[in-house]
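**Q** I'd like to go over a predicted model; first the sequence, then the structure.
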Amino acid sequence: MRLTKQLLAATAIVLALGSAASAKTFVYCSEGSPEGFDPGLYTAGTTFDASAHPIYNRLAEFKKGTTETEPGLATSWEISPDGLQYTFKLRPGVKFHSNADFTPTRDMNADDVVFSFDRQGNKANSYNQYVSGASWEYYASMSMNEIVKSVEKVDDMTVRFNLTSAYAPFIANVAMPFASIVSKEYADKLAEAGNQAQLNQAPIGTGPFQFVAYQPDAVIRYQAFADYWGGKQPIDDLVFAITKEASVRQQRLLANECQLMAFPNPADVPSLQQNADLKVDEQEGLNIGFLAYNTQQAPFDKPEVRRALNMAIDKDAIIAAVYQGAGQKAKAPIPPTMWSYNDALKDDAYDPEAAKKALEAAGVTDLSMKIWAMPVSRPYNPNAARMAELIQADFAKVGVKAEIVSYEWGEYLERSKDVKRDGAVLLGWTGDNGDPDNFLAVLLGCDGVGGANRAQWCNQEFNKLIQEAKTKPTQAERAKLYEEAQVIFKEQAPWATIAHSVVYVPMRKNVTGFVQSPLGDYTFDGVDITE
C-alpha cells in the first residue's frame, strides 16, 4: 500500500505540472532532492544533476561519454609556457535565461566569468557568504584558493587566470560543476533588491534548460531554452520526479510514468535487462564507496585502531548483499579504471580474531561508536542502510557496539563535515573530472578537512605528494607521486575502502540521445523520445 500511495502521489504531481499535449515532456526519476541550485556551493552529484548540468555551462565541457575536455563557453584557450597563465576566448552571442523577475540586457561576457570565480575565492565579494555558512567546498578542496592568484578581464570576451604555480588539472577543473558560470547582472539585481538568496533558489544560467519550478522532495520542472547557444533541445519540458525508493522508481519506469531512472536495485537489474520495453546501459563506475573514520576523534585518531576495524569488515558479504555481485572490493582510494591506480597495494584481510587482538593491543575495549548511513541510493553505495547493518554486525563480533544513524541527505552531507563529528560515515565518490587529483586531493587532502574530507585526515607526507603531483607536466611523473600517496593512505587507513560498482541506467526503449557518463552525470541535452 505504501508504494502505491507514493506512486499515485508522484504521478499526480507530474500530471499537474505537465505541458500541453503538443509539447514533448521527458520525465527522469531521480533519487533525491538537490541541496540548492547554485552548484558552486555543493559537491553532491544529485545537486549537480539538478543544477549544473541542465541550467548552466562552463568555460570547458566534458565530451559526452568521456573525461576529455572540449570548448564550452570558451571557444579556445592558451596556456603560457610556464603554465602560470590561462587565457580564455569567450563564445560570442551566448544568452542567459530569464524569469518573472529578471530579463537580461546583454549576452554572457567576461564580467560573468570573473564574478563566478571571484565570489568563491574572495571573502570580500558580497556573494561569498550570501548563503549562511557558505564554504565553497569544492573550490577549496581543489586548492583553487591557493592556486588562483587572480582572475582578470582582458576585454569583454577574454578572461585570464593567473596562477601561483603550474597546475596540470586546471582545464579539467574549470569543466567541473562548481565552475559553472552565473550571471553577474542577475546577481547585482538581486543584491540591489536585498534578495541575494534567490541566486540559489531561482537560478539563471546559459544551459540547455531553464528552471521553471521546484516542489521540495517531489518535483523539479525545466523548460528547453529556445535561445540556447547549442540549439533548442528536442524535448520541450524536462521533469525530475524525485523518487527516493528504488522500487518506486522502477514501478514508475515500467508504467512509462518516467522514461529514465537512476540507481536501480542491483537485484532488479536482470529483470530490467530482460524487459522488451526497456534498455539498460551499463559501465564500470569511476567510483568508490567507503567508510570514513573521524581521525581527529579518539580512538579513531590512531592508525592501528582504524586498521583493526578494517580487518573486522567482511567485504565479500557486503558485495554479495548490497551490490548483488555488481561491484568489486576496493583496496585503494581511487578506482582501478583510473590512471595511477596502485595495484600493488594489499587489501585489508578479513580476520575478526586478528582485529579483536589488534584493538586490545591498542588499548581499545568496550568501544561504542556511530555508523552514519546515507539516506539515498548512490552508484557507489546502492543501499547504505543495509551496508551499515552488515558492518554493525561485523563490529559486534570484535566487541564494538555500533549505533546506526541517518539524516535527510542535505543535512547528512552538512553534519558529516563537522570535525567534531562522532563515529564513521558511509559515503563515496564518483569522479568529476577523470583526474586522480579529484579523488586524492578533494577527499583526503588537508584543504578538504571540514569539507569533502569526511575523515578529517591531514597527513603532511601524503599532502606534499599530491600537491607536488599537480605541478608535474607529464602523466607519468604525476602517476608515480600518486602511487606513493596511495601507499601512505593504506598504511594510515583513514577509510575502510569498501567497493567500486558497476553503474546501470535503465530507460524506456524509445529514449534516444542519452549518453552514460563515466563521471556519473545525468544530462539530458540531446535526449529525445521517439514515437
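**A** Yep, it's here. Residues are numbered from 1 along each chain as shown.

**Q** show me the helices in the stretch 51-200 of the chain, by range?
**A** Using DSSP state H, counting those that start in this stretch, the helices of the stretch 51-200 of the chain run over 52-55, 110-121, 137-141, 144-147, 170-174, 184-192.

**Q** quick one, which of the ones you listed gets closest to Pro203.
**A** For Pro203, the closest of the helices of the stretch 51-200 of the chain is helix 52-55, at 5.2 Å, according to Cβ to Cβ. In this view, the C-beta of every residue, glycine as well, is placed from N, C-alpha and C.

**Q** which residues are contacting that closest one?
**A** Applying Cβ atoms under 8 Å, 6 or more residues apart in numbering, the contact partners of helix 52-55 are 37, 39, 97, 177-178, 180, 203, 205, 207-211, 222, 238, 521-525.

**Q** between the two ends of stretch 233-240, how far is it?
**A** 16 Å (Cα to Cα, to the nearest Å).

**Q** cool, and stretch 401-419?
**A** First-to-last residue span, stretch 401-419, Cα to Cα: 22 Å.

**Q** and that stretch, which residues are buried?
**A** 402, 404, 406, 409-410, 412-413, 416-417 (16 or more other Cβ atoms under 10 Å).

**Q** can you check stretch 216-223 too?
**A** Within stretch 216-223, judged by 16+ other Cβ under 10 Å, the buried ones are 218-223.

**Q** host element of Val271?
**A** Quick fix: residue 271 is Ser, not Val. helix 269-274 (DSSP states H and E).

**Q** most remote residue from this structure's center?
**A** Farthest-out residue of the chain from its mean C-alpha position, per Cα atoms, centre = their mean: Ala361, at 38.6 Å.

**Q** residues contacting it?
**A** Glu304.

**Q** thinking again about what came up before, what is the nearest of the buried residues of stretch 401-419 to Ser150?
**A** Lys417 (28.3 Å).

**Q** my guess is the closest one is in a strand, correct?
**A** No. The assignment for Lys417 (DSSP: H, G, I helix; E, B strand; the rest coil) gives coil, which keeps it out of a strand.

**Q** tell me the contacts of it?
**A** By Cβ under 8 Å, 6+ apart, the contact list for Lys417 reads 137, 450-452, 454.

**Q** could you do Tyr323 as well?
**A** Here Tyr323 is in contact with 266, 382, 499, 501 (Cβ under 8 Å, 6+ apart).

**Q** quick check: the farthest pair among the residues you listed?
**A** Pro266 and Ala499 (11.2 Å).

**Q** list residues touching both of the two?
**A** In contact with both Pro266 and Ala499: 322-323, using Cβ under 8 Å, 6+ apart.

**Q** who has more neighbours, these two?
**A** More neighbours surround Ala499 than the other of Pro266 and Ala499, with 24 against 21 (other Cβ atoms under 10 Å).

**Q** what residues sit buried inside the strand or helix carrying the more buried one?
**A** Ala499 belongs to strand 495-508 when assigned by DSSP H and E. By 16+ other Cβ under 10 Å, the buried positions in strand 495-508 come out as 495-508.

**Q** which of the buried residues of stretch 216-223 fall in strands?
**A** 219-223 (DSSP state E).

**Q** now, which of those residues sits nearest Asp343?
**A** Nearest member of those to Asp343, counting by Cβ to Cβ, is Ile220, at 41.2 Å.

**Q** quick one: the helices in the stretch 301-450 of the chain?
**A** Under DSSP H, counting those that start in this stretch, the stretch 301-450 of the chain gives helices at 303-311, 315-321, 352-361, 384-396, 409-415, 437-444.

**Q** pick the most buried one from those.
**A** helix 437-444 (a mean of 26; mean count of other Cβ atoms under 10 Å).

**Q** before we move on, back to that, nearest to Met157 among the helices of the stretch 51-200 of the chain would be which one?
**A** Closest among these, using Cβ to Cβ: helix 110-121, at 6.5 Å.

**Q** which non-adjacent residue is nearest Ser501?
**A** Distance criterion Cβ to Cβ, 6 or more residues apart in numbering; nearest residue to Ser501, sequence neighbours excluded, is Gly327 at 4.1 Å.

**Q** er, Arg307 I mean
**A** Closest residue to Arg307 apart from its sequence neighbours, by Cβ to Cβ, 6+ apart: Ala493 at 4.7 Å.

**Q** the one you found is in contact with Met311, isn't it?
**A** No. Counting by Cβ atoms under 8 Å, Ala493 stays clear of Met311, with 9.9 Å between them.

**Q** quick check: neighbours shared by the two?
**A** Asp348.

**Q** just give me the neighbour total for Phe178.
**A** Count around Phe178 with other Cβ under 10 Å applied: 27.

**Q** oh, I was asking about Ser247
**A** So Ser247, with other Cβ under 10 Å, has 14 neighbours.

**Q** isn't there a helix covering it?
**A** Yes. Assignment of Ser247 by three-state DSSP places it within a helix.

**Q** let me know whether it touches Asn265 as I believe.
**A** Yes. Here Ser247 reaches Asn265: they are 6.7 Å apart, a contact under Cβ under 8 Å.

**Q** Ala344 - how many residues pack around it?
**A** Neighbour number of Ala344 under other Cβ under 10 Å is 10.

**Q** residues in contact with it?
**A** Glu483.

**Q** 7 Å instead, please
**A** Counting by Cβ atoms under 7 Å, 6 or more residues apart in numbering, Ala344 touches no other residue.
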